[in-house]
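1. With the sequence up front, the predicted model follows.
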Amino acid sequence: MRVHFIAIGGAAMHNLALALHKKGFKVSGSDDEIFDPSKSRLDQYGLLPNAWGWFPNEINSDIDAIILGMHARIDNPELLKAKELGLKIYSYPEYIYEQTKDKIRVVIGGSHGKTTTTSMIMHVLKCNNIDFDYMVGAQIEGFDTMVKLSEDAKIAVFEGDEYLASPIDPRPKFHLYHPHIALLTGIAWDHINVFPTFENYLSQFEKFIDFIKPQGSLIYFEKDDHIAKMIEDKRSDISYLPYNSFPHKVKNGVSSLITEEGDLELSIFGEHNLQNLKGAHLICRELGVSDEQFYSSIQSFGGAAKRLQTLAQNEQTIVYQDFAHSPSKLEATTKAVKNQFTDRKLVACMELHTFSSLKEEFLPEYRNSMALADIAMVYFNPKTVEHKKLKAITADQVKEAFGGDNLKVYTNSDILINDLLELNFDKTNLLLMSSGNFSGVNLQELADKIIE
């Protein structure tokens with residue numbers, strides 16, 4: 001099987017390319033720029049393009065499938081050539097489904113917690129030697145790639161992203177997987193650039209429920225009002241399994257599950273993670289994993305990359321990095337760290353980096369999302385706003401939108417870092433939240449300096 005990736009350098013795309021290469025496919029790809037870690041990983045397997053750019057002359061009828069990445073434009077010359085030749089063109093999620101259409105598919109959807117919940121399930125299945133295919137949105141300890149596709153595995157576990165499938169396919173990715181077992185973690189407006197109203201955004205999750213296979217099941221967080229409303233008219237051909245937070249307690253900064261087998265110490269913490277854990281528990285049950293197997297496995301789960309990831313620590317301070325950037329994620333992550341360490345202050349620092357977060361009309365959604373922090377810092381780069389062709393925003397607008405007396409807004413990352421380094425971190429934790437890197441800041445080096 002010969003497949004060609006247009007825009008192979010993306011985080012998801014290059015992982016799919018590696019997965020198909022490992023499956024024995026002949027893989028080629030192109031892109032106009034590729035950065036690490038994608039660049040190094042593609043090079044390691046001999047899949048790095050020889051030159052940057054698009055080469056329509058390389059597109060021919062010997063190619064069995066074209067896989068189109070979001071980075072490509074609709075007028076991409078390779079895409080136009082593929083259409084001219086009548087080649088089969090897939091989006092990333094379409095091809096994932098094509099490779100797993102005869103398997104039991106598990107899809108985790110929701111506005112937050114998808115990656116962590118998916119990672120928990122993957123960890124438990126691996127610990128119990130259960131073979132499965134997967135696709136997850138972060139690097140997970142113990143897994144070489146973010147995608148695995150095989151001939152023999154009978155189960156496939158997917159993180160169900162609601163963003164668009166490809167430049168020529170405006171359907172949300174998670175509409176294309178048709179799960180047998182689905183989970184919804186909760187819903188909070190995101191991706192305003194493609195879902196301009198909250199009602200439009202909500203409708204995507206309603207459709208997701210419609211795509212669950214007959215005789216399948218929907219596992220959902222029962223305290224989410226939006227989910228509760230959309231399942232008032234229940235489908236009669238699927239089962240519904242609600243969940244809430246796992247019973248737990250916190251002692252000396254360590255969370256423990258309260259189970260019939262006794263208290264089980266965890267490496268993770270936070271109310272939202274205990275919700276994710278219960279959802280993962282129910283999915284593993286549906287897949288035949290016993291409670292005893294789940295409990296013994298989940299204790300060693302350390303979290304996904306950039307999800308409350310510890311960068312550095314000493315006896316007085318822990319520096320965390322988190323992917324949180326949307327209002328609901330900021331609030332949940334800030335609350336988690338503050339509640340876990342009640343005897344410590346919290347400095348919460350976040351970057352407005354995504355299209356939605358930098359859009360003037362979306363800023364009010366951030367109201368009080370960092371209110372629990374003792375010191376809150378918000379950074380945005382005006383050049384990023386300009387690059388995304390958005391209306392300019394000001395530091396005063398951002399401060400007014402977030403609210404609270406604990407907050408300072410920065411538009412220069414050097415000043416932000418200097419201010420951080422001048423703070424007293426005795427009995428104080430630092431939480432760095434962004435889907436970017438604060439305009440080129442080495443966060444590991446910063447964390448090491450903080451705890452010196």
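-> Sure, I can see it.
2. C-alpha only now, for contacts and for neighbours.
-> Will do.
3. after the lengthiest helix in the chain comes which helix or strand?
-> The longest helix of the chain (DSSP state H) is helix 271-286. Following helix 271-286 in sequence order, the next helix or strand is helix 291-298 (DSSP states H and E).
4. Remind me what that following helix packs against, helices and strands.
-> On a contact count with 3 or more C-alpha pairs under 8 Å, 6 or more residues apart in numbering; DSSP states H and E, helix 291-298 meets helix 114-127, helix 271-286.
5. Give me the buried positions along the longest helix of the chain.
-> 271-284 (16 or more other C-alpha atoms under 10 Å).
6. tilt between it and helix 114-127?
-> Interaxial angle of helix 271-286 relative to helix 114-127 (axes from the mean of the first three to the mean of the last three C-alpha atoms, to 10 degrees): 40 degrees.
7. Helix, strand, or coil at residue 432?
-> The three-state label for residue 432, taken from DSSP: H, G, I helix; E, B strand; the rest coil, comes out as strand.
8. and it, what is it in contact with?
-> Applying C-alpha atoms under 8 Å, 6 or more residues apart in numbering to residue 432 gives the contacts 319-322, 348-350.
9. From the residues you listed, pick the one nearest residue 237.
-> Lowest distance from residue 237 to those (C-alpha to C-alpha) belongs to residue 322, with 38.6 Å.
10. Pretty sure the closest one sits against residue 310.
-> No. Under the criterion of C-alpha atoms under 8 Å, residue 322 is not in contact with residue 310, lying 9.1 Å apart.
11. So for the two, which sits in the more crowded spot?
-> Taking neighbours as other C-alpha atoms under 10 Å, residue 322 and residue 310 compare with residue 322 leading, 21 against 17.
12. Now do the contacts for that one.
-> With C-alpha under 8 Å, 6+ apart, residue 322 has these contacts: 306-309, 333, 431-434.
13. ranges for the helices of the stretch 351-452 of the chain?
-> 382-387, 395-402, 413-422, 443-451 (DSSP state H, counting those that start in this stretch).
14. Now tell me which of these the model trusts least on average.
-> Set side by side, the helices of the stretch 351-452 of the chain give their lowest mean pLDDT on helix 382-387, at a mean of 92.
15. Show the pLDDT at residue 303.
-> At residue 303, pLDDT is 80.
16. Actually, residue 194.
-> For residue 194, pLDDT reads 86.
17. Check the spacing between it and residue 187 real quick.
-> Look at residue 194 and residue 187: by C-alpha to C-alpha, to the nearest Å, they are 16 Å apart.
18. sorry, back to before: output the helices of the stretch 351-452 of the chain in CSV; the columns should cover mean neighbour count.
-> Formatted as CSV, the helices of the stretch 351-452 of the chain follow (neighbours: other C-alpha atoms under 10 Å):
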stretch, mean neighbour count
helix 382-387, 14
helix 395-402, 17
helix 413-422, 14
helix 443-451, 16
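19. So which of those is nearest residue 202?
-> So among the helices of the stretch 351-452 of the chain, helix 395-402 is nearest, using C-alpha to C-alpha, at 23.3 Å.
20. what helices or strands is the closest one leaning on?
-> Contacts defined by 3+ C-alpha pairs under 8 Å, 6+ apart place helix 395-402 against strand 407-410.
21. Break this structure down into its domains, please.
-> By the assignment in automatic domain parsing, the chain contains the domains 2-87, 96-298, 309-451.
22. Residue 218 belongs to a strand?
-> Yes. Inclusion of residue 218 in a strand is indicated when three-state DSSP is applied.
23. That one: neighbour count?
-> 21.
24. Please report the distance of it from residue 180.
-> 9 Å.
25. Overlap in contacts, those two.
-> The contact sets of residue 218 and residue 180 overlap at residue 212 (C-alpha under 8 Å, 6+ apart).
26. what's next to stretch 28-43, contact-wise?
-> 3-11, 14, 18, 47-49, 52-55.
27. still on that earlier bit, measure how the longest helix of the chain sits relative to helix 291-298, angle-wise.
-> Going by the same axes, to 10 degrees, helix 271-286 makes 140 degrees with helix 291-298.
28. Can you show me the CA trace of helix 271-286 as PDB?
-> Taking C-alpha atoms only, helix 271-286 is exported to PDB below (Å, rounded to 0.1, in the frame of the first residue of the first chain):
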ATOM      1  CA  GLU A 271     -11.100  17.300  40.700                       C
ATOM      2  CA  HIS A 272     -11.100  17.200  36.900                       C
ATOM      3  CA  ASN A 273      -8.600  14.300  36.800                       C
ATOM      4  CA  LEU A 274     -10.700  12.300  39.300                       C
ATOM      5  CA  GLN A 275     -13.600  12.900  36.900                       C
ATOM      6  CA  ASN A 276     -11.500  11.700  34.000                       C
ATOM      7  CA  LEU A 277     -10.400   8.700  35.900                       C
ATOM      8  CA  LYS A 278     -13.900   7.600  36.600                       C
ATOM      9  CA  GLY A 279     -14.800   7.900  33.000                       C
ATOM     10  CA  ALA A 280     -11.800   5.900  32.000                       C
ATOM     11  CA  HIS A 281     -12.800   3.300  34.600                       C
ATOM     12  CA  LEU A 282     -16.200   2.800  33.100                       C
ATOM     13  CA  ILE A 283     -14.700   2.500  29.600                       C
ATOM     14  CA  CYS A 284     -12.200  -0.100  30.800                       C
ATOM     15  CA  ARG A 285     -15.100  -2.100  32.400                       C
ATOM     16  CA  GLU A 286     -16.900  -2.000  29.000                       C
END
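29. what packs against that helix?
-> Using 3+ C-alpha pairs under 8 Å, 6+ apart: helix 271-286 touches helix 114-127, strand 181-184, strand 217-221, strand 239-243, helix 291-298, helix 327-340.
30. Could you export the ones you listed as a markdown table, including mean pLDDT?
-> Putting the helices and strands packed on helix 271-286 into a markdown table (pLDDT from 0 to 100) gives the following:
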| stretch | mean pLDDT |
| --- | --- |
| helix 114-127 | 96 |
| strand 181-184 | 98 |
| strand 217-221 | 98 |
| strand 239-243 | 97 |
| helix 291-298 | 94 |
| helix 327-340 | 92 |
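31. so can I have JSON lines of those showing distance to residue 133?
-> Shown next, in JSON lines, are these (distance: least, C-alpha to C-alpha, whole Å):
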{"stretch": "helix 114-127", "distance to residue 133": "9"}
{"stretch": "strand 181-184", "distance to residue 133": "15"}
{"stretch": "strand 217-221", "distance to residue 133": "19"}
{"stretch": "strand 239-243", "distance to residue 133": "24"}
{"stretch": "helix 291-298", "distance to residue 133": "19"}
{"stretch": "helix 327-340", "distance to residue 133": "28"}
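32. how near is residue 5 to residue 76?
-> To residue 76, residue 5 is 12 Å away according to C-alpha to C-alpha.
33. Closest one of the contacts of residue 322 to residue 103?
-> residue 307 (29.0 Å).
34. For the nearest residue to the closest one once chain neighbours are set aside, which residues count as its bridge partners?
-> Spatial nearest neighbour of residue 307, excluding adjacent residues (C-alpha to C-alpha, 6 or more residues apart in numbering): residue 322 at 4.6 Å. Residue 322 has these beta-bridge partners by DSSP bridges: residue 433.
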